[in-house]
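Peer 1: Attaching a predicted model along with its sequence, questions to come.
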Amino acid sequence: MRFLLLGFVVSLALTACRSTGRRSSPPTPTRLTETTVSPVTVPVDNAEKSWRKWVRANASGPGLVVPPSKASNLRLKVSSAVAAGGAQLIRLKVWRTSSPPPVELVVATSKPAAYLRHRLLPAANAAGNGYMYLEVVDSRGRKILERSMRSTEGMIFVKRRFLGCEPFAIVGLVSKVPACPAS
């Protein structure tokens with residue numbers, strides 16, 4: 001009878017604690033609340049499909065497979081850099097086909113100009129200097145930057161209003177690049 005009574009008292013105490021809204025541990029704060037993004041879905045577009053096809057055809061060969069531990073370490077390094085910049089990681093794939101491994105990275109941010117200008121480069125650098133596909137979208141999933149690097153060629157797209165914010169050199173641009181809205 002004592003155990004039944006003790007169990008009843010404990011369950012009442014737990015119920016009272018839950019109903020007052022108290023938590024056993026405080027919520028973890030995000031580092032950069034201004035760039036917190038609600039979940040975004042970004043479909044694989046034609047440029048990303050083309051890059052994947054190229055990687056499968058050109059970035060593989062015997063003896064070039066990256067060990068799982070190295071791929072895992074690179075994934076951790078890139079995802080940490082994305083989180084430190086305040087963006088949401090949408091998609092990250094480290095291809096184990098060649099060394100350095102090709103990296104496919106898609107991120108979302110609620111402050112596109114500031115993210116491109118001040119926070120994107122560490123995430124891109126964490127991915128390394130190999131083959132890379134990078135896409136940055138806004139909080140609604142609209143593309144603001146897309147960059148792909150292959151062995152001897154590359155491509156970059158920047159939404160017009162964010163020209164001047166990208167941390168990468170744009171080769172072949174004839175007109176003057178406007179100032180970035182995020183200084």
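Peer 2: Arrived safely.

Peer 1: switch to C-alpha atoms for all contacts and neighbour counts from now on
Peer 2: OK.

Peer 1: List the buried residues for stretch 111-126?
Peer 2: Of the residues in stretch 111-126, those scored as buried under the neighbour-count criterion (16 or more other Cα atoms under 10 Å) are 111-117, 119-121, 123-124, 126.

Peer 1: would JSON lines of those residues with distance to residue 47 be doable?
Peer 2: Formatted as JSON lines, the entries for those read as follows, by distance: Cα to Cα, whole Å:
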{"residue": "111", "distance to residue 47": "24"}
{"residue": "112", "distance to residue 47": "21"}
{"residue": "113", "distance to residue 47": "22"}
{"residue": "114", "distance to residue 47": "25"}
{"residue": "115", "distance to residue 47": "22"}
{"residue": "116", "distance to residue 47": "20"}
{"residue": "117", "distance to residue 47": "23"}
{"residue": "119", "distance to residue 47": "24"}
{"residue": "120", "distance to residue 47": "20"}
{"residue": "121", "distance to residue 47": "21"}
{"residue": "123", "distance to residue 47": "20"}
{"residue": "124", "distance to residue 47": "18"}
{"residue": "126", "distance to residue 47": "22"}
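
Peer 1: In strands, which of those residues fall?
Peer 2: Assignment to strands by DSSP state E places none of the buried residues of stretch 111-126 there.

Peer 1: Give me the three-state assignment for residue 104.
Peer 2: When the structure is reduced to helix, strand and coil (DSSP: H, G, I helix; E, B strand; the rest coil), residue 104 reads as strand.

Peer 1: Quick one, grab the pLDDT at it.
Peer 2: The pLDDT attached to residue 104 in the predicted structure is 95.

Peer 1: what bridges to it?
Peer 2: Note on residue 104: beta-bridge partners by DSSP bridges are residue 93, residue 133.

Peer 1: Near it, how many residues? Count them for me, please.
Peer 2: Residue 104 has 20 neighbours, counted by other Cα atoms under 10 Å.

Peer 1: What distance do you get for it to residue 160?
Peer 2: Distance check for residue 104 against residue 160: by Cα to Cα, to the nearest Å, it reads 23 Å.

Peer 1: which residues of the protein fall in helices?
Peer 2: Taking DSSP state H as the criterion, the chain carries its helices at 2-19, 46-58, 68-84, 112-114, 120-126.

Peer 1: Now do residue 142 against residue 92, distance only.
Peer 2: From residue 142 to residue 92 the distance is 18 Å (Cα to Cα).

Peer 1: Check residue 75 too.
Peer 2: Per Cα to Cα, residue 75 is found 7 Å from residue 92.
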